[in-house]
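Asker: give me the fold of what follows.
(chains A and B)
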Amino acid sequence: MALPAIALFIAAIFFAVKKKNECWKWFAAGVAVQYITTLINTGKDELAGLISGTKADAVTALTGEQWTTCTVVIVLAGIIMLLCRYPRYEASQTLIASLLCVLGGLVIGYIVLLVIEPSGAFEAIQTILENFLTYSKPKSQMKYLGQTLVRTAPLLMCALSVLFAYKVGMFNIGAAGQYVAGACAALFFGLYFKAPWWVCVLAAMAAGAFLGVISGALKTFCNVNVVISGIMLNWITLYITNMVLSMDGVKNPMSPYTIQLRGVNPNGLLPQMDLHTLFGNEKSVTIAIPLAVIMAIVVWVVLNKTKFGYELKATGYNFHAAKYSGMKEKRNIILTMAISGALAGMGAALLYLTGIEEWETTISSVPGMDFNGIAVAFLGGLSPIGSILSAFFIQHITLGGSYVDTTYYCAQISSLISSLIIFLCAFVGFIRFAMQNRIRKRDEAMAMRKDMAAKGGSDT
Amino acid sequence: MILLLQYTLLFASVLLLVALGGCFSERSGVINIGLEGIMVIGALGGALVMKYLPVEFGGAPVMILATLIASAAAGMLFSLLLAVAAIHFKADQTITGTAMNMLATAAATVAVKAMNTAASGGHDVSSDIVYTRARDTFIVRFGNFEFNWFMLVALIALIVSYVVLYKMRFGLRLRACGEHPQAADSVGINVYKMRYAGVLASGLLGGIGGIVYITAGVSSWKFENGVAGFGFLALAVMIFGQWKPIKIALAALLFGFFRALGNVYTGFDLLKNLNLPSQIYNMLPYIISLLVLALTSKNSLAPKAEGIPYDKGTR
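Answerer: This is a model prediction of the structure:
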């Protein structure tokens, strides 16, 4: 479609890698060509619309889409170029690595689609990436964007839970169980005791924290690996939750789901604060979304700007050194797991207290929310702020998967892509190492050349 | 009672196979959280053979052998993902393993659904594979007791593992790489090769464990569900067994018993009269393993270098 522009962008990126200022010219040329081709294309479409007399609506929607694609291409190319131009900053290295992971996941996912059925593969991957944009009306787009955001909030909380523990040297795979416990507590308080929403949220956090404390205590006092105890607790919690939420007054007697919160206890739902009017009156849009973002910022502040966070991280780097310098290392581990658990538990409350879905009491596997949380945390470069973006991305493609053409493909293709992304994230350390190595080698070569020039040696 | 014995032996075989796999991998110094995923992929490989290989073709021996080879090969192939990432690229083994677990379930679901959809022209979008007839060839009936050939396979795997780990040069070298790879390298052992061998062995045994698990009680499997945490249970068995084959076998029997109880408790009047919800029995193996781990992990005999990528520069 816009091959010349893409070629120009590739040239720009190439020069950016080579550290030449020429990259700006090539980039500008790329932008110009991209806009011109889009202009010609849209003009053509409008002309075609006029000639064939199709509805103006459809044509405008089509051209609008083309302009969006155009902008996305330009922005992406710009980001990649900037990153290649300034590779020394840690943030840009992490971003490059994450983008490579996403790209790798998408490419492999695309290949899988091609293997299954070549004819619709491109369309399918496009659908996954578009998600709510598949709807043509702006109002439904906003509505489904709202739904995506509602599901992004708990995912972000799970990611925060994982990354908080990871910063303290623990891999909290038990976040899944803590999330389930949070769902159990939130729904039980909301449905059985008809408690107001903030009580439910606190109960969910307490339940998650309780499980976290069990894992942390087993680690510090009995030397049980957090991963193993977390996994065991995941299954135990799942069965307990199914049992508790099957009680009378909580479970809907007609279906395997819990009773709708909206019907019995509207106070248990998170307040909307008129946010839903922004998203096409989507009822489930609540303060959960800003709350999750605020929590991300809080986690960032705690980890990076407080003495407490510093102590926790120090304990994670070296348990014995932390002990030696007078920190309460055991307390720190347990406290970390408690906070991590509370974050995951709160995530569940932020989903189930919006009324977007009910708990299914017959599920036989732990919800994927937490495992996706791991993907989000690592894709976000283990930074709370990066996680906000990656949470949206992962949720975006997960929901996008439900729109693919089911005559050939299935929705799980999205989970395939996100698990591929996590797998590739394991290589992030290696990618960054390779990048730093390159930079170092280039610096050395540069220094050597300067040295030669200073000595007056000729290099002909 | 016989049913309980039968299921105990079956589940113990699964746990034994998979835990032995984990043992090989960890003894070589690579933590294998991805056993669950390896089981799923191994099960997929075996189930496909069981579905497409006609029973008439050579009868039971061919069917058993082909299924075993297919699931072992699938498991080994999948375990290469861990081997390459953890050994060559020095990736974090826990993350890689977790990713493999997710990947296996997603990949198996996508693959089976694609096959079912294509075969039925879009009517059947389930992720089930049915293998009733093939499964019958695995079973020999002694009265009420259904002997499954896989029980024998597990026993053989146990003996072979013991001999390989403790009576052969290869086993000594493998264990050395898990305890002190630098020392092993200094006497000329190729640590990377040994670790590859360890991970591939875990893929082989894990893959076989997967097919044994899905054929244990049912004659069709829904791949969306994965293997319900059995790989993790096997890890607990391995830790409880202190990374030693014989102790692992005993631990597997114990855990297998509690797992079997969940399947057959309705057959006992005493347990039935207690009227506990079935979830309690489902929970039991996990609770027991958590308790057991809490009591035994204090003096853990874990291989000292497990989880640490080997870097030649650290010699």
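Asker: where in the chain is pLDDT low?
Answerer: In the absence of a named chain, this looks at chain A. Low-confidence segments of chain A (pLDDT under 70): A:1-2, A:17, A:19, A:45-46, A:49-68, A:87-88, A:457-460.
Asker: switch to chain B, please.
Answerer: Within chain B, the set of residues satisfying pLDDT under 70 comprises B:315.
Asker: in it, which spans are strands?
Answerer: B:128-130, B:139-142, B:145-148, B:220-222 (DSSP state E).
Asker: residues making contact with the second one?
Answerer: Think strand B:139-142. With C-beta atoms under 8 Å, 6 or more residues apart in numbering or on different chains as the test, strand B:139-142 has contacts from B:146-149. Any C-beta I mention is one placed from the backbone N, CA and C, and that applies to glycine too.
Asker: now it, how far from the centre of its chain.
Answerer: Here the centre of strand B:139-142 is set off from its chain's centre by 24 Å, with C-alpha atoms, centre = their mean, to the nearest Å.
Asker: now stretch B:157-167
Answerer: 17 Å.
Asker: any buried residues in the biggest helix by length in chain B, and which?
Answerer: Scanning chain B for the longest helix, with DSSP state H as the assignment, gives helix B:93-120. Buried positions in helix B:93-120, judged by neighbour count with 16 or more other C-beta atoms under 10 Å in any protein chain shown: B:93-117.
Asker: near chain A, from those?
Answerer: B:94-96, B:98-103, B:105-107, B:109-110, B:113-114, B:117 (C-beta under 8 Å from any C-beta of the partner chain).
Asker: isn't A:Val366 up against A:Val180?
Answerer: Yes: assessed by C-beta atoms under 8 Å, A:Val366 is found in contact with A:Val180 at 6.4 Å.
Asker: and the residue of the stretch 251-400 of chain A closest to chain B?
Answerer: A:Phe371 (5.4 Å; C-beta to the nearest C-beta).
Asker: and that residue, how many residues sit next to it?
Answerer: 24 (other C-beta atoms under 10 Å in any protein chain shown).
Asker: what angle separates the helix or strand hosting it from helix B:93-120?
Answerer: For A:Phe371, the host element (DSSP states H and E) is helix A:369-379. Taking axes from the mean of the first three to the mean of the last three C-alpha atoms, to 10 degrees, one finds helix A:369-379 and helix B:93-120 inclined to each other by 120 degrees.
Asker: near chain B at all, the next helix or strand after helix A:369-379?
Answerer: Next helix or strand after helix A:369-379 toward the C-terminus (DSSP H and E): helix A:384-400. No: using C-beta under 8 Å from any C-beta, helix A:384-400 stays clear of chain B, with a minimum separation of 11.2 Å.
Asker: from the middle of its chain, how far away would helix A:384-400 be?
Answerer: Distance, centroid of helix A:384-400 to centroid of chain: 3 Å (C-alpha atoms, centre = their mean).
Asker: contacting residues around that helix?
Answerer: With C-beta under 8 Å, 6+ apart as the test, helix A:384-400 has contacts from A:94-95, A:98, A:102, A:127-132, A:144, A:147-149, A:151-152, A:155-156, A:159-160, A:163, A:293, A:296-297, A:299-300, A:303, A:372, A:375-377, A:379-380, A:414-415, A:417-418, A:421.
Asker: check which residues of it are buried.
Answerer: Of the residues in helix A:384-400, those buried (16+ other C-beta under 10 Å) are A:384, A:386-400.
Asker: and the helix or strand that comes right after it with helix B:93-120, angle?
Answerer: Counting by DSSP H and E, the next helix or strand C-terminal to helix A:384-400 is helix A:413-425. Relative orientation of helix A:413-425 and helix B:93-120, computed by the same axes, to 10 degrees: 150 degrees.
Asker: can I get helix A:413-425 in PDB, CA atoms only?
Answerer: Output of helix A:413-425 as PDB, limited to C-alpha atoms (Å, rounded to 0.1, in the frame of the first residue of the first chain):
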ATOM      1  CA  ILE A 413      -4.600 -17.500  19.400                       C
ATOM      2  CA  SER A 414      -4.300 -14.300  21.600                       C
ATOM      3  CA  SER A 415      -3.200 -16.300  24.600                       C
ATOM      4  CA  LEU A 416      -0.800 -18.000  22.300                       C
ATOM      5  CA  ILE A 417       0.600 -14.600  21.300                       C
ATOM      6  CA  SER A 418       0.800 -13.300  24.800                       C
ATOM      7  CA  SER A 419       2.500 -16.500  26.100                       C
ATOM      8  CA  LEU A 420       5.000 -16.200  23.200                       C
ATOM      9  CA  ILE A 421       5.600 -12.600  24.300                       C
ATOM     10  CA  ILE A 422       6.400 -13.800  27.900                       C
ATOM     11  CA  PHE A 423       8.700 -16.500  26.500                       C
ATOM     12  CA  LEU A 424      10.600 -13.900  24.500                       C
ATOM     13  CA  CYS A 425      10.700 -11.600  27.500                       C
END
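Asker: which elements pack onto it?
Answerer: For helix A:413-425, the packing partners by 3 or more C-beta pairs under 8 Å, 6 or more residues apart in numbering or on different chains; DSSP states H and E come out as helix A:90-116, helix A:121-130, helix A:369-379, helix A:384-400, helix B:93-120.
Asker: pipe these into CSV and attach distance to A:Asn252 per row.
Answerer: Supplementary listing: the helices and strands packed on helix A:413-425 in CSV, determined by distance: least, C-beta to C-beta, whole Å:
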stretch, distance to A:Asn252
helix A:90-116, 36
helix A:121-130, 32
helix A:369-379, 22
helix A:384-400, 25
helix B:93-120, 28
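Asker: between those, which gets nearest to A:Gly326?
Answerer: helix A:384-400 (28.0 Å; C-beta to C-beta).
Asker: compute the inter-axis angle for the closest one and helix A:413-425.
Answerer: Here the directions of helix A:384-400 and helix A:413-425 differ by 150 degrees (the same axes, to 10 degrees).
Asker: the inter-axis angle of helix A:384-400 versus helix A:90-116?
Answerer: Counting by the same axes, to 10 degrees, helix A:384-400 lies at 10 degrees to helix A:90-116.
Asker: what angle do helix A:384-400 and helix A:121-130 make?
Answerer: Comparing the axes of helix A:384-400 and helix A:121-130 via the same axes, to 10 degrees yields an angle of 130 degrees.
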